[in-house]
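Engineer: quick one, structure for this:
(one chain, ligands or ions: 2)
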Amino acid sequence: MTISEMQEQIRELKQKTNTAVLAHSYQAREILETADITGDSFQLSVAAKSAEQRNLILCGVKFMAETAKILNPEKHVFLANKNAGCPMAEQLTPETLAAMKKAEPDRAVAAYINTTAELKKLCDVCVTSSGAVQIVQNMEAEKILFIPDRNLGEFIKKQVPEKDIKLIDVGCCPVHNAVTAEDVLKAKANYPDALVLVHPECKPEVLKYADYIGSTTGIMEFAKNSSKNEFIIGTEMSITAHLQYECPEKHFYALSGKILCADMKMTTLPDLLNTLQSVAQNDGKAFEIIMSDEDIKQAGRCIENMLKYSG
Ligand code: 13P
Ligand code: SF4
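Structural biologist: Numbers count the residues shown, from 1 in each chain. Ligands and ions are numbered 1, 2, ... in the order given. As a prediction, the model looks like this:
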């Protein structure tokens, strides 16, 4: 079957099964073309909350499907590829976080949305990379423990110096964290006229050289709206390709060949088609996110607070 034949079947099955497809911007172009909603982690959360369809399929990683389920307990939520997880989401165990909370009970816990539902149950508020600074500023608490991403945490700390923000040592996105200052200097030497646009999951030594720091969507919007023509893109490599496709008159260069997320690349168009076929036949083969009402309630509190403090 060709890609366009598969896409045609996907569109028909979405209609037939009353399903919305939510795809993170790091997904492949052929998936984005069939999705109802595309965007960064925050946009997917907002869209999940307002989706009208009975079924949701997430093309991304597991915490995104869990977030969609938490925001839509009455809907069936599926992850298109059950093996796609975010390594950062697993870096801190609920037991370790519980011990940290016990040691400092006066600190509120802010969690990057890239965490498991089990961790979210212990947190006061979630943030995504797009609204992290504003959310932390809007929190009533003055003393905060931020988990798990140390790089995003360092970025927030600099922007919100008036609050006492404690970070953990272990957390990071292994993909963005692999980029070094040498990589930026090399890219800048190769493309001296290009602006450097970087995701805050990168190290402080990399952010130091950025002309713009922002979420996946923030970077895309900045590049599209800029009057400049050349950009070095410091986030997942697919964004460099998507921007080049959407703005053929501009030039986009990947900051480093290392920023490639294997988990985000795991989902294929056949995975999406197979999931929809399974939903249509109700054969139980699709990977559905199942959570108890109590877990949804406990993990949902910090996501609802994220939406509240973003407004
Ligand atoms: P955003 O979607 O918030 O930009 O985060 C990027 C990412 O790494 C998602 O896992
Ligand atoms: Fe997780 Fe990093 Fe991949 Fe995003 S890019 S899913 S944070 S490993």
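Engineer: near ligand 2, which residues of the protein?
Structural biologist: Neighbours of ligand 2 within the chain, by CB under 6 Å from any ligand atom: 61, 86-88, 114, 173-176, 201, 236, 261, 263-264. For the C-beta atoms, the positions are set from N, CA and C on the backbone; glycine is no exception.
Engineer: go with 5 Å
Structural biologist: Residues of the chain lying close to ligand 2 by CB under 5 Å from any ligand atom are 61, 86, 88, 114, 173, 175, 261.
Engineer: how about the strands of this protein, start to end?
Structural biologist: Ranges of strands within the chain are 19-24, 37-39, 55-59, 76-79, 108-112, 125-127, 143-147, 164-167, 195-198, 212-213, 230-234, 251-254, 287-288, based on DSSP state E.
Engineer: put together CSV for these, with mean pLDDT on each row.
Structural biologist: What follows is the strands of the chain, written out as CSV (pLDDT from 0 to 100):
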stretch, mean pLDDT
strand 19-24, 97
strand 37-39, 95
strand 55-59, 98
strand 76-79, 97
strand 108-112, 96
strand 125-127, 95
strand 143-147, 97
strand 164-167, 97
strand 195-198, 98
strand 212-213, 98
strand 230-234, 98
strand 251-254, 98
strand 287-288, 98
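Engineer: reformat those as CSV; add mean neighbour count and distance to residue 96.
Structural biologist: Putting those into CSV (neighbours: other CB atoms under 10 Å; distance: least, CB to CB, whole Å) gives the following:
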stretch, mean neighbour count, distance to residue 96
strand 19-24, 25, 27
strand 37-39, 19, 31
strand 55-59, 28, 27
strand 76-79, 25, 25
strand 108-112, 24, 12
strand 125-127, 28, 18
strand 143-147, 22, 9
strand 164-167, 17, 14
strand 195-198, 23, 29
strand 212-213, 18, 29
strand 230-234, 25, 30
strand 251-254, 18, 34
strand 287-288, 19, 27
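Engineer: next one: the closest residue to ligand 2 within the stretch 1-150 of the chain from ligand 1, what distance?
Structural biologist: In the stretch 1-150 of the chain, the residue that lies nearest ligand 2 is residue 86 (3.3 Å; CB to the nearest ligand atom). In this view, residue 86 and ligand 1 are 5 Å apart by CB to the nearest ligand atom, to the nearest Å.
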